[in-house]
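In: Sequence unavailable; structure follows:
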């Protein structure tokens, strides 16, 4: 009985120490002078790599502002998008810096900061196939039987899966989903005719249309809009609050609006609460 009691006490102590260690991420950042942030820099204009190999973009600038306020060095740790949330939870980095669509499912695993943007998904197609998407507004039925490319583990990919449920319920042929690792790869599948369309945020697709004006165009918007935010581990409330407070302060000062205009070509107000959707 004594041994069992000692074992239980040891387990409780270990669990407490583990919780304390994880909850001290903000203190660890301040002590080390460096904040490591996991990011998949393949998502312009939010986070991407410039010619110098630096991570830049709308969300990257906000994260740099957070680090500056904390008085620490910001270190981006490049990670495939599909590994962002697993890497965060496992402790591979202090926080994650890839733009995440806020969903009820993700909110079970991580703690979202306040949003810094919102996404409206659009459909990118080849100019020579535009006639297939002539209906306005664009309807899910127009995508039946086509091949759609999206980043793996992304909300657009999940959206395509939900579209397939709708199409099947109507007796229509589902979309063949082509999952790839990066935005560039989705565009490549479209240009090489391995996919019939690409689905992603309209602000992400706009620069692609500008790059290939004679080849590609946006056929329209589809699906619901969603807020975009970062995430911390569930027990990193202190770090989460610092990041959230900085986003809201930048909004109040007008700095956030300037970045929105510069990188997104529009402005909007982000909410301080009640932004996580219900299941």
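Out: Nice, thanks for sending it over. All figures in this text were calculated on a predicted structure; none of them were measured in a lab.
In: Grab the most central residue of the chain for me.
Out: Closest residue to the average C-alpha location of the chain: residue 100 at 2.3 Å, with Cα atoms, centre = their mean.
In: can I assume that residue is in contact with residue 226?
Out: No. Counting by Cβ atoms under 8 Å, residue 100 stays clear of residue 226, with 9.6 Å between them. Backbone N, C-alpha and C define where each C-beta goes, glycine included.
In: coming back round to it: what's the first helix or strand after the helix or strand encompassing the residue nearest to the centre of the chain?
Out: Using DSSP states H and E, residue 100 sits within strand 95-101. Per DSSP H and E, the first helix or strand lying C-terminal to strand 95-101 is helix 104-107.
In: Name the residues of that next one that come out as buried.
Out: By neighbour count on 16 or more other Cβ atoms under 10 Å, the buried set for helix 104-107 is 106-107.
In: ok, and what's touching it?
Out: If you take Cβ atoms under 8 Å, 6 or more residues apart in numbering as the criterion, helix 104-107 is touched by 85, 100, 112, 231, 276-279.
In: Buried subset of the residues you listed as a PyMOL selection?
Out: The PyMOL selection below is limited to those of the contacts of helix 104-107 classed as buried (16+ other Cβ under 10 Å):
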select buried, resi 85+100+112+231
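In: who's residue 228 bridged to?
Out: residue 101, residue 117 (DSSP bridges).
In: Apologies, that question was intended for residue 232.
Out: Using DSSP bridges, the bridge partners assigned to residue 232 are residue 111.
In: Assign residue 173 to helix, strand or coil.
Out: Secondary structure, DSSP: H, G, I helix; E, B strand; the rest coil: residue 173 is coil.
In: measure it to residue 130 for me?
Out: For residue 173, the distance to residue 130 (Cβ to Cβ, to the nearest Å) stands at 21 Å.
In: mind checking the SS state of residue 136?
Out: coil.
In: Wait, it touches residue 221, no?
Out: No. In this structure residue 136 lies outside contact range of residue 221 using Cβ under 8 Å: 10.0 Å.
In: the more surrounded of the two?
Out: Each of residue 136 and residue 221 has its neighbours counted (other Cβ atoms under 10 Å); residue 221 has more, 14 against 8.
In: pLDDT-wise, which helix or strand of this structure ranks last?
Out: None of the helices or strands of the chain scores lower by mean pLDDT, DSSP states H and E than helix 2-23, at a mean of 44.
In: Following the chain past it, name the next helix or strand.
Out: Per DSSP H and E, helix 2-23 leads on to helix 25-32 as the next helix or strand towards the C-terminus.
In: What residues sit buried inside that following helix?
Out: Within helix 25-32, the residues that count as buried by 16+ other Cβ under 10 Å are 25-26, 29.
In: Each with direction, which strands does the next helix or strand after that helix pair with?
Out: Later in the chain than helix 25-32, the nearest helix or strand by DSSP H and E is strand 34-39. If you go by DSSP bridges, strand 34-39 pairs up with strand 73-78 (parallel), strand 95-101 (parallel).
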